[in-house]
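[1] fold the following, please.
(one chain, ligands or ions: 1)
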Amino acid sequence: MHETERVLVVGEPEEPDSSSLTSYSRAGTAFGCSPAIRFRRHDALAPPWKSCPATSHSPTVSSAVRDITHLFFTAGVAMGFAREQLIVATEYQGVLNVLAAARQAGFRGRFLYMTAIGVITPSLSAALLNLFKGSTLRWRRRVEDDIRASGVDYTIIRAGVLLNRPSGKRAIEVSQRAHALALRHRIARADVAETFVQALNYPNTARTTFEVIRGKGPRREPWDLVFSRLKPDS
Ligand SMILES: NC(=O)c1ccc[n+]([C@@H]2O[C@H](COP(=O)([O-])OP(=O)(O)OC[C@H]3O[C@@H](n4cnc5c(N)ncnc54)[C@H](OP(=O)(O)O)[C@@H]3O)[C@@H](O)[C@H]2O)c1
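    Take a look at the predicted model:
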């Protein structure tokens, strides 16, 4: 990612909690990139199930995606009970809306999608989460297929359970294993933000789906090595 590139982040809190450090803009700035543009619920899909029909014609979505270089989609329904209607509107249709608007605006960059481990491997935790939160993992798995079929250049990043810790403390494990949703598969939010920013620097992360969790011990591997084992999606 270069200083002149404009990255739209769909779903970044306006004022990231300083303890959480979940800031893609901050990660970008720390790694020498230009600040990202934020795009929040009230600017766009708000509330998607009422005012944003299943089309990309919302003027706010269209204007937000104009002239951007890359797009990070990190929005999701907050932790806790949620009806399936809200999950579908935000985590499925919301992604499709933004994708469609970007394509309509002639987007030629990378679409990086933040999702969660556990979408592939069944587990008790995943079943309970789906029950409590409107089948979130099922819809997230489904939207992955839509992203892969959309024709845009993409990277799908499935993050482990998020921790509010600063970045750079622990090794980062990037792999194409399908981890079960489990507390032992955790990662600092800020390390996920850094993974997004770094993925743009490595062309071999394009058209890949991978999982990111924290590894054992401190950081040792440079990013080129971290990403070197990835295979493109077939
Ligand atoms: N928590 C975990 O352990 C975990 C693990 C892996 C992946 N994930 C996923 O990773 C992403 C980030 O996780 P998180 O825990 O940091 O989530 P979070 O704190 O709940 O943040 C989600 C963001 O999405 C925004 N959002 C919600 N609905 C939106 C809409 N319709 N349009 C635009 N923005 C919308 C929220 O905006 P408002 O502030 O306006 O509500 C918020 O800024 C989420 O998609 C989450 O599902 C979470």
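[2] for this protein, longest helix please?
    The residue-count maximum for a helix in the chain (DSSP state H) belongs to helix 136-149.
[3] please write out the alpha-carbon positions of it in PDB.
    Taking C-alpha atoms only, helix 136-149 is exported to PDB below (Å, rounded to 0.1, in the frame of the first residue of the first chain):
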ATOM      1  CA  THR A 136     -23.900 -15.500  11.200                       C
ATOM      2  CA  LEU A 137     -21.200 -18.000  10.200                       C
ATOM      3  CA  ARG A 138     -23.500 -19.600   7.600                       C
ATOM      4  CA  TRP A 139     -24.100 -16.200   5.900                       C
ATOM      5  CA  ARG A 140     -20.400 -15.400   6.100                       C
ATOM      6  CA  ARG A 141     -19.500 -18.600   4.400                       C
ATOM      7  CA  ARG A 142     -22.000 -17.900   1.700                       C
ATOM      8  CA  VAL A 143     -20.800 -14.400   1.000                       C
ATOM      9  CA  GLU A 144     -17.300 -15.700   0.600                       C
ATOM     10  CA  ASP A 145     -18.500 -17.700  -2.400                       C
ATOM     11  CA  ASP A 146     -20.100 -14.500  -3.800                       C
ATOM     12  CA  ILE A 147     -16.900 -12.600  -3.400                       C
ATOM     13  CA  ARG A 148     -14.900 -15.300  -5.100                       C
ATOM     14  CA  ALA A 149     -17.300 -15.300  -8.000                       C
END
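[4] relative to the whole chain's centre, how far out is that helix?
    Centre-to-centre, helix 136-149 and its host chain are 12 Å apart (C-alpha atoms, centre = their mean, to the nearest Å).
[5] what is the burial count for the closest residue to the ligand within the chain?
    Per C-beta to the nearest ligand atom, Gly76 is where the chain lies closest to the ligand, at 2.3 Å. Heads up, the C-betas are built off the backbone N, CA and C, glycines and all. Gly76: 19 surrounding residues under other C-beta atoms under 10 Å.
[6] how about Ile156, what does it touch?
    112-113, 115, 144, 147-148, 208-210 (C-beta atoms under 8 Å, 6 or more residues apart in numbering).
[7] is it possible to export those residues to JSON lines including neighbour count, pLDDT and distance to Lys216?
    As requested, these are exported to JSON lines (neighbours: other C-beta atoms under 10 Å; pLDDT from 0 to 100; distance: C-beta to C-beta, whole Å):
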{"residue": "Leu112", "neighbour count": "26", "pLDDT": "94", "distance to Lys216": "26"}
{"residue": "Tyr113", "neighbour count": "23", "pLDDT": "96", "distance to Lys216": "27"}
{"residue": "Thr115", "neighbour count": "25", "pLDDT": "97", "distance to Lys216": "24"}
{"residue": "Glu144", "neighbour count": "20", "pLDDT": "98", "distance to Lys216": "28"}
{"residue": "Ile147", "neighbour count": "22", "pLDDT": "97", "distance to Lys216": "31"}
{"residue": "Arg148", "neighbour count": "15", "pLDDT": "98", "distance to Lys216": "31"}
{"residue": "Thr208", "neighbour count": "19", "pLDDT": "98", "distance to Lys216": "23"}
{"residue": "Thr209", "neighbour count": "22", "pLDDT": "98", "distance to Lys216": "23"}
{"residue": "Phe210", "neighbour count": "21", "pLDDT": "98", "distance to Lys216": "18"}
